[in-house]
Each structure stands twice: as structure tokens, then as C-alpha cells.
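Novice: Here you go, sequence then predicted model.
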Amino acid sequence: MRRPFKIALCVALALPGLLLLLALLPRKFPRSPLIQAVFLGYTNSPPGVTYAIFGLTNLANRPVKFWPGCQIDLEDRRVPLISTLRFAGGRLGSGQGMVFVVGIPPVTTRWQAHWGVTWDSLYEQLLDLRDRWHVPFHLEVEGHENFGVVSDWFPPP
């Protein structure tokens, strides 16, 4: 083989590997995503459960991913809430918004809603594929951070 062909072959084989390595390396996003949570009101369901409706908007310049479910803070403790399937693992691009509906248990104290959010990186997308296909391998990347989006405090409904 001629020397230029060997060099071109080495570059052609090494370039995809290098690009894959760069894609899998963690990118540190220095701060938490800026998410605006706006309370839109209450609604009732036929069984009599009260639901709170929130509008969440991604004000960051990168896409974010919401973790499935929602929690409610009751003065001093955190309780899992009922949520709609629509936002289970939902993603929001920069400037996009979504309506979230969460069930409010009968409470007599102030409450606030709490969502888990992270940057929607390639690592998160690989985790989603792993979970969707039930692939038994573990991905561990330094710098993976979860953040929280918290609403204002509200009086009992």
C-alpha cells in the first residue's frame, strides 16, 4: 500500500472513535437551569381529587429534561404526588413551555410543588435509550447533576 492511503485509512478509522469519545465526555454546565414555574389554577376531577395546574417555561439557553413525577412539600415534609403521563420524563427546549397537572392530596397546611430537572445532554439521552430497551449496563459520568424547580408556597385548596 502507498503511504498516503495508509494515512487516510488511519484518519478515517480514528475520526469516528474520537467523535464518539467527545460526545460521551461530560460537559459541565456551570449553573442550574432557569425554569419559570407559574401557578395557573385548580381543577377538579370526577372522583373529587383536586388538581393544580402549572405552566413551566425553560428560560435557559439549553434544553432540559424533567424527571418523571412530582413531589409536594408540606411545610416540613415531602410527599410523592399524582402526575399526568404527559410530563413523565418530558423535555423542554430553550424558550419552550409545558403545562403540568399534579394531584393535590387533602392538606391543611401550606404546600409547594417540586420537580426534578437536569440538562438534556447526550448522556441523558443514552440513559433513556438504555431504560427503554432494558439494556443491563451502567453508565457513570462525572459531573452529572440534578436540579430542582420549586413553585411558590400556596395555602390549602
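Specialist: Received, thanks. Numbering: from 1, shown residues only.
Novice: which element follows the lowest-mean-pLDDT helix or strand in the chain toward the C-terminus?
Specialist: Sorting the helices and strands of the chain by mean pLDDT, DSSP states H and E puts strand 77-81 at the bottom, at a mean of 72. Following strand 77-81 in sequence order, the next helix or strand is strand 91-92 (DSSP states H and E).
Novice: Partner strands of that following strand, with direction?
Specialist: Strand 91-92 sits in its sheet next to strand 64-66 (antiparallel), going by DSSP bridges.
Novice: now what about the strand it pairs with, what contacts it?
Specialist: Residues outside strand 64-66 that contact it (Cβ atoms under 8 Å, 6 or more residues apart in numbering): 33, 35, 56, 58, 87, 89-92, 115-120, 124. No exception for glycine: its C-beta is placed from N, CA and C like everyone else's.
Novice: Can you tell me which of those residues are buried?
Specialist: Neighbour counting with 16 or more other Cβ atoms under 10 Å marks 33, 35, 56, 58, 87, 90-92, 115, 117-120, 124 as buried within the contacts of strand 64-66.
Novice: Is V150 in contact with A37, as I believe?
Specialist: Yes: counting by Cβ atoms under 8 Å, V150 touches A37, with 7.3 Å between them.
Novice: between these two, who's got more neighbours?
Specialist: More crowded of V150 and A37, by other Cβ atoms under 10 Å: A37, with 17 against 13.
Novice: Give the residues shared as contacts by V150 and A37.
Specialist: A113.
Novice: For H114, which non-adjacent residue is closest in space?
Specialist: Q71 (4.5 Å; Cβ to Cβ, 6 or more residues apart in numbering).
Novice: Next one: the nearest residue to L56 once chain neighbours are set aside relative to F100, how far apart?
Specialist: Closest residue to L56 apart from its sequence neighbours, by Cβ to Cβ, 6+ apart: A37 at 5.3 Å. Counting by Cβ to Cβ, to the nearest Å, the separation of A37 from F100 is 9 Å.
Novice: shared neighbours of the two, anything?
Specialist: Shared contacts of A37 and F100, defined by Cβ under 8 Å, 6+ apart, are found at 54-56, 113, 115.
Novice: can you map out the helices along this structure?
Specialist: All helices of the chain, identified by DSSP state H, fall at 3-24, 122-133.
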